[in-house]
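1. Sequence and predicted model, in that order:
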Amino acid sequence: MLFKRGDPQKERFERMAEQVFPSVFGTALRLTRDREEASDLAQEALVRAFEAFDRFDGRNFKAWMLRILTNLYINKYRKRQREGTNSSLDEEQAMEPVSPAEQAPDRQVFDEMLGSEVEEALSKVPEVFRIAVVLSDLEGLSYDEIAAATEVPVGTVRSRIARGRAILRRELEMFALEQGYLKK
């Protein structure tokens with residue numbers, strides 16, 4: 001969909017996108033665990049949403065955007081799984097990090113957003129469960145919205161959230177025991 005200059009639909013999209021972008025980017029960051037990849041994913045989701053705005057039903061823009069983002073992430077994840085990693089860092093002209101991992105900007109963002117303990121526990125949750133937990137517990141989507149975003153039945157969403165939360169609980173409980181917050 002192409003908008004003309006001064007088009008009220010374009011302005012409406014921009015206003016709505018501006019309001020939900022922090023959630024879109026935060027979700028992308030939690031899914032990818034990489035600031036640059038999250039930025040690319042969030043931007044691609046915005047472009048896709050802009051192109052498809054004429055098909056937006058007008059109900060819940062945030063859920064619609066997160067569905068686009070999640071679908072993009074899942075498609076990229078599946079593509080990577082199929083293709084594998086055949087190239088080296090030299091071939092990709094990747095630069096090595098210049099600071100220790102704990103000082104990386106994306107790590108600092110996570111520490112501020114979730115706390116390092118929760119981030120660490122969340123990273124141990126398998127992909128399919130983490131997506132469901134992030135969309136439910138951090139983004140506040142309903143089970144129906146998550147089912148639509150991930151294209152699975154609501155029962156599967158419930159199961160994934162329950163299993164993801166159980167893994168998070170177990171990981172955080174181990175941390176609490178190690179730190180003396182809980183006694184055996």
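-> All right, it came through fine. Residues are numbered from 1 along each chain as shown.
2. Report the buried residues of the helix or strand hosting Ala162.
-> Secondary structure assignment for Ala162, by DSSP states H and E: helix 154-179. The neighbour-count check on helix 154-179 (16 or more other C-beta atoms under 10 Å) flags Thr156, Val157, Arg160, Ile161, Arg163, Gly164, Arg165, Ile167, Leu168, Glu171, Leu172, Phe175 as buried. Bear in mind the C-beta positions are built from the backbone N, C-alpha and C, glycine included.
3. Now tell me which helix or strand of the protein has the poorest mean pLDDT.
-> Within the chain, confidence by mean pLDDT, DSSP states H and E is lowest for helix 105-113 among all helices and strands, at a mean of 48.
4. next SSE after that helix?
-> On the C-terminal side of helix 105-113, the closest following helix or strand by DSSP H and E is helix 116-123.
5. where in the chain is pLDDT low?
-> 1-6, 81, 84-115 (pLDDT under 70).
6. Tell me where it has helices.
-> In the chain, the segments counted as helices under DSSP state H are 8-32, 35-51, 61-83, 105-113, 116-123, 127-133, 143-150, 154-179.
7. quick one: Arg169 from Arg30, how far?
-> Taking C-beta to C-beta, to the nearest Å as the measure, Arg169 falls 18 Å from Arg30.
8. Can you tell me the closest non-neighbouring residue to Leu29?
-> Closest residue to Leu29 apart from its sequence neighbours, by C-beta to C-beta, 6 or more residues apart in numbering: Ala38 at 4.1 Å.
9. ok, that neighbour touching Leu31?
-> Yes. Contact status for Ala38 versus Leu31: in contact at 7.5 Å, counting by C-beta atoms under 8 Å.
10. hang on, the earlier thing: and the helix holding Ala162 with helix 143-150, angle?
-> Per axes from the mean of the first three to the mean of the last three C-alpha atoms, to 10 degrees, the angle that helix 154-179 makes with helix 143-150 is 100 degrees.
11. Which strands and helices lie in contact with helix 154-179?
-> Secondary-structure packing of helix 154-179 (3 or more C-beta pairs under 8 Å, 6 or more residues apart in numbering; DSSP states H and E): helix 116-123, helix 127-133, helix 143-150.
12. right, and these - which one's nearest Glu18?
-> Glu18 lies closest, by C-beta to C-beta, to one member of the helices and strands packed on helix 154-179: helix 143-150, at 20.8 Å.
13. Taking helix 61-83 as reference, get the angle to that closest one.
-> Between the axes of helix 143-150 and helix 61-83, defined by the same axes, to 10 degrees, the angle is 40 degrees.
14. same for helix 143-150, what does it pack against?
-> helix 61-83, helix 127-133, helix 154-179.
15. buried residues in that helix?
-> Neighbour-count burial for helix 143-150 flags Tyr143, Glu145, Ile146, Ala147, Ala148, Ala149, Thr150 (criterion: 16+ other C-beta under 10 Å).
16. Using CSV, list the CA coordinates for that helix.
-> What follows is helix 143-150, C-alpha atoms only, in CSV (Å, rounded to 0.1, in the frame of the first residue of the first chain):
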residue,chain,number,x,y,z
TYR,A,143,-3.8,-16.5,24.6
ASP,A,144,-5.9,-16.0,21.5
GLU,A,145,-3.6,-13.2,20.3
ILE,A,146,-0.5,-15.4,20.9
ALA,A,147,-2.2,-18.3,19.1
ALA,A,148,-2.8,-16.1,16.1
ALA,A,149,0.7,-14.7,16.2
THR,A,150,2.4,-18.1,16.4
